[in-house]
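[1] Just to be clear, the model below is a prediction. Sequence and coordinates:
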Amino acid sequence: MRVLALLPLVVALTAHAADITVLVRPGVAPGGTVEFPTIQNAIDHAPEPTNGGRVTIRITPGTYNERLWIPQNRPNLTLVGLGTRPEDTVITSDHFAKTSGGTFFTETVEVNGNGFAAVNLTFANTSGNVGQAVAVSVLADKSIFKRCRFLGYQDTLFANYGRQYYVDSYIEGAVDYVFGNATAVFDRVELHTVAPGYITAQSRLRADEPTGYVIRNSHLTFAPGAEGTAMTDNAAKKSAHGVFLGRPWRPYSRVIFLNTQIDKGLEPAGWSDWNNGNVLATAFYAEDGSGGPGAVTATRTPFAKHLTSTQRRDFETRTFLGGADHWNPEAEAAKLP
């Protein structure tokens, strides 16, 4: 009878998820189980957690000239930079489309495993103004980036699949530097434009797709000269500035800015039609509650939407990203270091 009484406890202990934590420290010998010399080595060889547990890779400060691939069979992975700032731990490469075989062979980091998280890190593609060059490609559901920096010029962040949450972060670029078809929220993010171009290029294919970008409580800043010379663009020819909130990579592109500070330097029309006729008529582009010298919605293209109170509620973080499993990215992000 005593053995039978213990069985429920044994089953409960067996089913409990076991998390794994390892360290990346350059100079250690490869092949360990606790410390690894490179980040990719840790991704590939850290022990497998049990019952859906999480692997946390703690990364000592420094510059890592690595290209990382997080596969689908490595879900629930967290990368944590151990510096005092995200600038202290940098993952970087310099691949670009013209020499790599196309845009999607250039990324410094590619995320395919669901449940990914990154904290206190800088991700960079240092190719510069040479065409498409991706810093991070995210093709995974329920991804969180907290206190991270994304540095590039064209196509910096490929946010393309699944639900994604970016918080207290910094994204830099010039041309289409946040692009793809994820369902993504950017909360308290600085989007810094370094040259005339387009902040977003969202690629929703159908009006009933739940995808899109919601940029909320954020700040749009512009490097000196970013307003530069006029862009040749049907949305606002002979423009005074040359930086647009976005252009539609696909006909039902959807981007919403909420409560965002917009500095001086933005195109008055706001949104570009990519020299593609009336494509703005099918796109869903909107701003609500924003401020600053660049937030003059009266000058926007007539295709820009005005949100109803119901629509605004639909774009709240937990509603927009919740899904059938009621994911709460704000609560998950709060648990991260």
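    Structure's in. What do you need?

[2] so after the lowest-mean-pLDDT helix or strand in the chain, what's the next helix or strand?
    Using mean pLDDT, DSSP states H and E, helix 2-15 stands out as the lowest-scoring helix or strand of the chain, at a mean of 44. Counting by DSSP states H and E, the next helix or strand C-terminal to helix 2-15 is strand 20-24.

[3] Which parts of this structure belong to which domain?
    According to automatic domain parsing, the chain comprises the domains 17-161, 193-323.

[4] can you put those in JSON lines and add mean neighbour count, distance to Ala334 and mean pLDDT?
    For every residue, glycine as well, the C-beta is placed using N, CA and C. Below are the domains of the chain laid out as JSON lines (neighbours: other Cβ atoms under 10 Å; distance: least, Cβ to Cβ, whole Å; pLDDT from 0 to 100):
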{"stretch": "domain 17-161", "mean neighbour count": "20", "distance to Ala334": "9", "mean pLDDT": "97"}
{"stretch": "domain 193-323", "mean neighbour count": "18", "distance to Ala334": "12", "mean pLDDT": "90"}
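
[5] These: which one's closest to Ala174?
    domain 193-323 (3.9 Å; Cβ to Cβ).

[6] Tell me how far the closest residue to Asn276 other than its chain neighbours lies from Phe116.
    The shortest distance from Asn276 to any non-neighbouring residue, by Cβ to Cβ, 6 or more residues apart in numbering, is to Pro248 (7.4 Å). Pro248 sits 28 Å away from Phe116, going by Cβ to Cβ, to the nearest Å.

[7] With Ala201 instead?
    From Ala201 across to Phe116, the span is 23 Å (Cβ to Cβ).

[8] same deal with Val185?
    Relative to Phe116, and taking Cβ to Cβ, Val185 is found at 16 Å.

[9] about what we covered before: so the residue nearest to Asn276 sits against Asp273, correct?
    Yes: counting by Cβ atoms under 8 Å, Pro248 touches Asp273, with 7.3 Å between them.

[10] hey, what's in contact with both of these two?
    279-280 (Cβ atoms under 8 Å, 6 or more residues apart in numbering).
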